[in-house]
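1. here is my input, please return the structure:
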Amino acid sequence: MKTTFLTLSLLGALGASVVAEDNWYQFRGPTGRGHSEATDVPVSWDESKIVWKTKLKGSGQSSPVTWGDQIFLTGASEDGTERTVMCLSAKDGSMIWSKSVPCDNPEEIHAMNSRATPSCVTDGEMVVAFFGPGGLHGFTVDGEKKWSVDLGEFPGGWGIAASPVLVDGKIIQNTDSMGESKLIALNIKDGSVIWGTPREAKPRGGWSTPILIELDGKQELVLNGEFGVRGYDPKSGKELWFCKGFNGRGAPVPDFADGKLYVVNGKPGDTYCVKPGGSGDVTDSHMLWHASRKGGRDLPSPVVVDGYLCISSMSGIFSCYDAETGKPLYAERLNEEKGVEVAAAPLVANGLVYLQTVQGGDVVVIRPGKELDIVAVNSLGDAAAGQIFRATLTPHRGNLLIRSGTVLYNVGK
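-> The predicted model follows:
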């Protein structure tokens, strides 16, 4: 059944409490791909379901990460000379602590970016925040600063967005920029460098975050980029393989399902499916299929749900493909009456895809299938009027944490 965007805007709250997701400890959760195992994620809500909201320090686009009752986010001053790491209480949104980090040489940023876009990562003892030319910083979860590392100037007019991720006690950071670029691993306890692998020069910006996958008992770090997608050995940092993309600006994080990677370019171009593994340039041998897509540029990452590959363009065109063959099933606007802009990567929970609009933070919930099926459209109402939402949604104990540039909302029970 096809349901229009507007007809569901006044639905009330639904919910079941079966599984709580306590530790969404890095960008897009434990897998790094936005797939939640929680079965109690809200499907429908309105302004009356806002449990609490908190004005944040500075502004930014980092997504909330959680460990137990602690929420970690970042913000930046308007001129970028001060960056802030914040720890909030999930119970009531109160500020537990905040720590400022100076930045003497703020980076230039695109109008759609911020100077606090990378999300934090935590292992329950340390929390790490990345601010591009403002450095990489490690704090205890109680707010005591333990270490800082200078990773360079990050030249170019785009800014940075890649979040640090946690792999076996190592912080992995993509430092792509229009200058010297590399993928680097550091010890989460003291910030000491474990390995660093050069990346191809001048790749525009460091926007994509690596994900860890496992295939046939072997782990690989997978990172999308300006020229295509690459696989790395997480222990040594050695580049294992490369598959060439179709256009560039590899911001969207690939998804991994049934032993295959699904990749989208940041600029217009085909979506494609890659079998990970191999050695060297595997474009001809490991690209299983590619298919055209509509909607122009993409920031949202692709997701695979129940055999369907789902992709939203920035312009709000939602495309669905058969994940096995790449056969296009449909490409339709999320709102037929007025355009919507989508920037944040989707959340997947209970077989549903959650997409948030930039203006006002409405969340469209879609059931993947052979035709567009919008299950719910949720609004924060007047509480979010005029605010911009580019952070991803974070499930937490039956609720959703929703971040605008300046405010964090807890929505649900």
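2. low-confidence ranges in this structure?
-> Of all residues in the chain, those with pLDDT under 70 make up the ranges 1-20, 201-206, 297-298, 337-338.
3. in contact with T117, which residues?
-> G60, Q61, S62, G159, I160, A161, R390 (C-beta atoms under 8 Å, 6 or more residues apart in numbering). All C-beta atoms are positioned from the backbone trio N, CA, C, and that covers glycine.
4. output stretch 254-264 as CSV, nothing but the C-alphas.
-> Extracted as CSV, the C-alpha positions of stretch 254-264 are listed here (Å, rounded to 0.1, in the frame of the first residue of the first chain):
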residue,chain,number,x,y,z
PRO,A,254,28.4,1.8,2.8
ASP,A,255,26.1,-0.9,4.1
PHE,A,256,27.0,-4.5,4.5
ALA,A,257,24.5,-7.3,4.1
ASP,A,258,24.7,-11.0,3.1
GLY,A,259,28.4,-10.7,2.5
LYS,A,260,28.1,-7.8,0.1
LEU,A,261,28.8,-4.1,0.3
TYR,A,262,26.4,-1.5,-1.0
VAL,A,263,27.9,1.8,-2.0
VAL,A,264,26.6,5.3,-3.0
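5. need the residues that contact it.
-> By C-beta under 8 Å, 6+ apart, the residues outside stretch 254-264 that reach it are 33, 211, 213, 215, 222, 224, 229, 243, 245, 250, 252, 271-276, 288, 293, 298, 301-304, 309, 311, 323.
6. same thing but 6 Å
-> 33, 213, 215, 222, 224, 229, 252, 271-274, 276, 298, 302-304, 309, 311 (C-beta atoms under 6 Å, 6 or more residues apart in numbering).
7. re the thing from before, with the contacts of T117 in mind, which one is nearest to T197?
-> I160 (17.8 Å; C-beta to C-beta).
8. biggest separation within the contacts of T117, which pair?
-> Longest span within the contacts of T117, C-beta to C-beta: I160 and R390, 14.0 Å.
9. more neighbours: these two, which one.
-> Comparing I160 with R390 by other C-beta atoms under 10 Å, the one with more neighbours is I160, at 28 against 25.
10. how near is that one to L355?
-> Distance of I160 to L355, computed by C-beta to C-beta, to the nearest Å: 24 Å.
11. with D46 instead?
-> Counting by C-beta to C-beta, the separation of D46 from L355 is 17 Å.
12. straight-line length of stretch 366-376, end to end?
-> End-to-end distance for stretch 366-376: 7 Å, by C-alpha to C-alpha, to the nearest Å.
13. go on, stretch 26-39?
-> Terminal residues of stretch 26-39 lie 20 Å apart, using C-alpha to C-alpha.
14. gap between it and the chain center?
-> Relative to its parent chain, stretch 26-39 has a centroid offset of 10 Å by C-alpha atoms, centre = their mean, to the nearest Å.
15. can you offset everything so residue one is 40?
-> All set: I'll call the first residue 40, so the last point we hit is now stretch 65-78.
16. neighbouring contacts of it?
-> Applying C-beta under 6 Å, 6+ apart, the set of residues contacting stretch 65-78 is 57-58, 60, 102, 104, 158, 160, 202, 204-205, 248, 250, 294, 384-388, 431, 434.
17. just the buried members of those?
-> By neighbour count, with 16 or more other C-beta atoms under 10 Å, the contacts of stretch 65-78 hold 60, 102, 104, 158, 160, 202, 204-205, 248, 250, 294, 384-388, 431, 434 as buried.
18. restricted to strands, list those residues.
-> Of the positions in the buried ones among the contacts of stretch 65-78, V104, V160, V204, L205, I250, D294, L386, V387, A388, P434 sit in strands, assigned by DSSP state E.
19. buried set for stretch 437-445?
-> G437, N438, L439, L440, I441, R442, S443, G444.
20. which one is the second one nearest to, not counting chain neighbours?
-> Same thing as N438. Spatial nearest neighbour of N438, excluding adjacent residues (C-beta to C-beta, 6 or more residues apart in numbering): G451 at 3.2 Å.
21. now the first one
-> Leaving out its chain neighbours, the residue that sits closest to G437 by C-beta to C-beta, 6+ apart is D79, at 4.1 Å.
22. inside helices: which ones of the contacts of T156?
-> For the contacts of T156, not one is inside helices, with DSSP state H as the criterion.
23. which secondary structure elements does the host helix or strand of S324 contact?
-> Assessed by DSSP states H and E, S324 sits inside helix 322-325. The helices and strands touching helix 322-325, judged by 3 or more C-beta pairs under 6 Å, 6 or more residues apart in numbering; DSSP states H and E, number zero.
24. which parts of it are buried?
-> Neighbour-count burial for helix 322-325 flags T322, H325 (criterion: 16+ other C-beta under 10 Å).
25. restricting to C-alpha, output it in CSV.
-> What follows is helix 322-325, C-alpha atoms only, in CSV (Å, rounded to 0.1, in the frame of the first residue of the first chain):
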residue,chain,number,x,y,z
THR,A,322,36.7,-3.1,-9.8
ASP,A,323,36.4,-5.6,-12.6
SER,A,324,36.4,-8.8,-10.5
HIS,A,325,34.4,-7.8,-7.4
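26. following it, which helix or strand shows up next?
-> strand 326-330.
27. the following helix or strand past that next one - contacts with which helices or strands?
-> Where DSSP H and E defines the elements, the next helix or strand beyond strand 326-330 is strand 342-344. Counting contacts by 3+ C-beta pairs under 6 Å, 6+ apart, strand 342-344 is packed against strand 294-296.
28. before we move on, back to that, what distance do you get for the residue nearest to N438 to V414?
-> G451 is 16 Å from V414, where distance means C-beta to C-beta.
29. looking at it, F428 is touching R442, isn't it?
-> No - counting by C-beta atoms under 6 Å, F428 stays clear of R442, with 7.2 Å between them.
30. count the neighbours of V303 for me.
-> V303: 31 surrounding residues under other C-beta under 10 Å.
31. what distance do you get for it to L373?
-> V303 is 17 Å from L373, by C-beta to C-beta.
32. equivalent analysis for V450, please.
-> 20 Å.
33. now do I405
-> Distance of I405 to L373, given as C-beta to C-beta: 8 Å.
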